[in-house]
Structure formats: C-alpha cells, structure tokens
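>>> Generate coordinates for the sequence data below:
(one chain, ligands or ions: 1)
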Amino acid sequence: MSSPVELAAAEPVAASPVKALPYRSWVEVSRPQIAANFRAIQRVVGKSVEIMPVVKADAYRHGAIEVSRTLEQQGAKWLAVSNTEEGVALREAGISARILVMADFLPFTREAMLAHHLTPVIHSLEDIAELNKLAQSRSEKVRFHFKVDSGLSRLGVRWDAAGVAEAILGAPNLELEGLMSHLASPANYGTKQTEEQIAAFDRLAGHLKAAGISPSLVHLSATIPIAYGRRQAWRGMVRPGHAIYGYVSPARGHAPAQVLDVKPALTWRATVLSVKDLPAGASVGYGGMFKTIGPTRVATLAAGYADGIPHKLSNRGSVIVHGCVAPIIGAVSMDMTSVDVTHVPQTRVGDAITLLGAEGNVQIDAQQIAKIAGTISYSVLCGIHARVKRIYV
Ligand SMILES: *Cc1c(COP(=O)(O)O)cnc(C)c1O
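Numbering: from 1, shown residues only. Here you go, the predicted model:
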C-alpha cells in the first residue's frame, strides 16, 4: 500500500502508448462521446425542445451512418442533411428517423427525395408549386419545411410574407410542418445582426399566422445559440451540428458564459513511415522550406494534404509523438508529412502518432489546427479525406 507521501512524489502519469493499427491514417470516433454530447445538448435545451442533429457532410466526417445510429439510439427523432444523396444513404442504411434535407430540391433529386421519405426544405415560392405538383402526381400529401431568409442572404425567401402565404395556401397537397431560418453571426455579441434576423423572422411568421398558417416546428438555432444560452432562438427545435461532434466556436464581444459542455469525439492518427537522422544544414521537403540547424531526427508520417492535413500547416503545425509535441517541418506533401522527433528518439517505423486528439495531457484539437492553418474548425474536420479509415470505439 502506498502512503500519501509516495503518491505526492510520484511522477506524472505518462501517456499510455497509442495502439498502432494497420492503416496509414485513421480516425477513431467515440460513439459514447457523440451520445454524451447529444445528452448534454438535451440537458441545456430541456425536453420540450426537439433536437435535430445535423449529420451533413458525412457527419462532419465522423461517418453519417454510425453517428445517426448512435443518435437514434439516444432518442433523436429528426436528423438533418444537406442534400438528397446524403438522406438516401441514411435510408438505405436503415435509419428511420425523420430526415430534413436542408439545401437541395434541385430538379434531378426531387423524385428520390420523396421516394425515400425525406423531408424537403423549400426555399423559393416557385418550388412550393413544384413540390405541390409532384405530390399531386404521386397522390400524396407531402410535409415540408420552409426557409425564410432573415438576413444571411443565402437560401430562403426574404420579406415577401404575402407571397409566401399565398403560395402555401395554394398548395393543397402540401403541409407546412416547419418554418426555419439560419443565423449569420450568432457568435458575435458585438453586433445586432442576430436580434435583427430574429425580428425579421418573427415578422414574417406573424404575417403567416394572421393568414392562418401555423407550422408546428419553428427552428433557427445551430450550435452557437444553444451553447451560449440564447433562448429566444431555440423555439421548438434546434439544429446542432458542431456541438454533436464536441465543438463550440469561441464567441466575440460581451458573450454570456457557455452553458453547454461537450467534448471532441474524433481522434485522428497516422503511422510513421520512416525515421532518419539528418545532419545540420539539410533541407527538408519540397522547396527546401525547412533547414536543420543541428543534427535532427525526422519522422515521415504516412498522411499528407490528400488525407486532409492542411497544407498551411507546413513548417507551422504540430503532431503528438509518444505523448510529446513534435513540430511539422518542411512542406506538407500530398501523402506524407515530416516531423521533428529529435526530442523523441524512441520513435520507430510503424508507431502511431496523433494528428488531432489527445495523448495523456497533451492535446491538439480542430480549433487549434484551424487557427494555425488560417481556417475554421469545421473545415479541418470536413477536410479529413474519405481515404482515411474510420473506426468506432
Ligand atoms: C450546418 C448547419 C447547421 C449546423 O451548424 P453547426 O454550427 O455545426 O451547429 C444548422 N443549420 C443549418 C441550416 C446548417 O446549414
């Protein structure tokens, strides 16, 4: 039995060695963490608000099918995708939750959308009429959500409440189930844009209500308004994507405290392909972007920008090798990346290193990578290429 004194004197716990796997590069996605993030969102918004997790772009590269299965098990009744193809893939995998297709209704996808019981977001007046025709030809009543452009100036109808009401009332085969909008700058508490967008949305919704149109689901909120507790954007449904995967972008201005606690669910690893010792003055990689100052041990990893490592990390990013931070040296190339492991001399060919994730108390997340690469964490996650193997833990 160890005494308290011995415990206090003990060395910090070393990171347990990372298990090598027979892949050049892979991601490990934690299903329990996805589930925990969903439950954390549920605790914040309460049971009366429906959560529609966003699993577009292959669930931000976490794998839409596995993530959707996990979320269904947690009780998610709705999922959101961007396009019809993504929705069809989920149906074919046996997902039976309602699926909202947020950014499609291109003519060549409409039949498949209805055939697979996907719910379209309609974003123009003409498309209300088109969907009605399609529903008539199928002798069906079709439910849809309608997108209001409250100021993002992307998809949706702006201002024209009378036109919207007329189009909806003139479509007997349709049922307006949801009214939605999307916010441009919810993390920026230094602007009134969010309040203005909500006000514009409510004006249009008020006109529709006066015309007898009251959809049962109203939704405006992605991750940010949930995470910072902006309740007036929650309504009856919220659409978190980033938070499901464990991320909340930092807010700007006088933001209230974050009320949502989520953690990243994805770890990205690569295998060491080569280790070599270079003398002082050697140049490393394309363009000789890096020159060694002294004798340098270089590990070359079997992953590059074709796997999704941002090229901008050339000479700037870091990875974790045996629990230690190791800088990327030279240009990130298509299929390989070199790192300085002079201070981690035990590095061997076949070792697993961490590109994104944690080893012990050393951690690199998508937000840190994004900052160095001059991009956003969403783009780092979505940039992980399909050729990177995915495993679920
Ligand atoms: C992607 C997307 C979301 C999810 O956004 P996060 O910031 O990842 O939570 C919600 N709504 C719409 C319309 C989207 O396009």
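>>> and the helix or strand containing residue 34, which residues are buried?
Per DSSP states H and E, residue 34 falls inside helix 31-45. For helix 31-45, a neighbour-count test (16 or more other Cβ atoms under 10 Å) marks 31, 33, 34, 35, 36, 37, 38, 40, 41, 44, 45 as buried. Where you see a C-beta, it was placed from the backbone N, CA and C, and this is true even at glycine.
>>> Now find how far off-centre the helix or strand following it is within its chain.
Reading on from helix 31-45 to the C-terminus, the next helix or strand found by DSSP H and E is strand 50-51. Here strand 50-51 shows a centroid-to-chain-centroid distance of 17 Å under the convention Cα atoms, centre = their mean, to the nearest Å.
>>> Remind me what the very next helix or strand once past strand 50-51 packs against, helices and strands.
For strand 50-51, the following helix or strand on the C-terminal side (DSSP H and E) is helix 56-60. Other helices and strands packing on helix 56-60, by 3 or more Cβ pairs under 8 Å, 6 or more residues apart in numbering; DSSP states H and E, are helix 64-73, helix 84-92, helix 377-382.
>>> May I see those helices organised as a markdown table, with mean pLDDT, mean neighbour count and distance to the ligand added?
Below are the helices and strands packed on helix 56-60 laid out as a markdown table (pLDDT from 0 to 100; neighbours: other Cβ atoms under 10 Å; distance: least, Cβ to the nearest ligand atom, whole Å):
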| stretch | mean pLDDT | mean neighbour count | distance to the ligand |
| --- | --- | --- | --- |
| helix 64-73 | 98 | 20 | 13 |
| helix 84-92 | 98 | 19 | 12 |
| helix 377-382 | 98 | 20 | 7 |
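>>> mind giving me a markdown table with those and columns for distance to residue 238?
Converted to a markdown table, these look like this (distance: least, Cβ to Cβ, whole Å):
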| stretch | distance to residue 238 |
| --- | --- |
| helix 64-73 | 14 |
| helix 84-92 | 20 |
| helix 377-382 | 18 |
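>>> Between these, which one is closest to residue 348.
Closest of the helices and strands packed on helix 56-60 to residue 348 is helix 377-382, at 27.9 Å (criterion: Cβ to Cβ).
>>> Need the CA coordinates for that closest one. PDB is fine.
Extracted C-alpha coordinates of helix 377-382, given in PDB (Å, rounded to 0.1, in the frame of the first residue of the first chain):
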ATOM      1  CA  SER A 377     -12.500  24.000 -37.200                       C
ATOM      2  CA  TYR A 378     -15.500  22.900 -39.400                       C
ATOM      3  CA  SER A 379     -13.200  23.000 -42.400                       C
ATOM      4  CA  VAL A 380     -10.500  21.000 -40.600                       C
ATOM      5  CA  LEU A 381     -13.000  18.200 -39.700                       C
ATOM      6  CA  CYS A 382     -14.700  18.200 -43.100                       C
END
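>>> In its sheet, which strands sit next to the following helix or strand past that helix, and in what direction?
From helix 377-382 onward toward the C-terminus, using DSSP H and E, the following helix or strand is strand 389-392. Paired neighbours of strand 389-392 in the sheet (DSSP bridges): strand 25-29 (parallel).
>>> ok and the residue in this structure nearest the ligand?
Closest to the ligand within the chain is residue 241: 2.7 Å, counting by Cβ to the nearest ligand atom.
>>> Tell me the spatial nearest neighbour of that residue, not counting adjacent residues.
Leaving out its chain neighbours, the residue that sits closest to residue 241 by Cβ to Cβ, 6 or more residues apart in numbering is residue 54, at 3.4 Å.
>>> Same question for residue 154.
Per Cβ to Cβ, 6+ apart, closest to residue 154 is residue 182, 7.1 Å.
>>> Correct me if wrong: that neighbour contacts residue 221.
No: contact criterion Cβ atoms under 8 Å: residue 182 and residue 221 do not qualify, at 9.2 Å.
>>> higher neighbour count, those two?
Neighbours per residue (other Cβ atoms under 10 Å) separate residue 182 from residue 221, with residue 221 holding more: 26 against 23.
>>> The more buried one against residue 233, yeah?
Yes: with contact defined as Cβ under 8 Å, residue 221 counts as touching residue 233 (4.3 Å).
>>> got any residues that touch both of the two?
Here residue 221 and residue 233 share the contacting residues 183, 186, scored by Cβ atoms under 8 Å, 6 or more residues apart in numbering.
>>> hmm, back to that, where does the residue nearest to residue 154 land in three-state SS?
Secondary structure assignment for residue 182 (DSSP: H, G, I helix; E, B strand; the rest coil): coil.
>>> any idea how far it lies from residue 127?
Distance, residue 182 to residue 127, using Cβ to Cβ, to the nearest Å: 17 Å.
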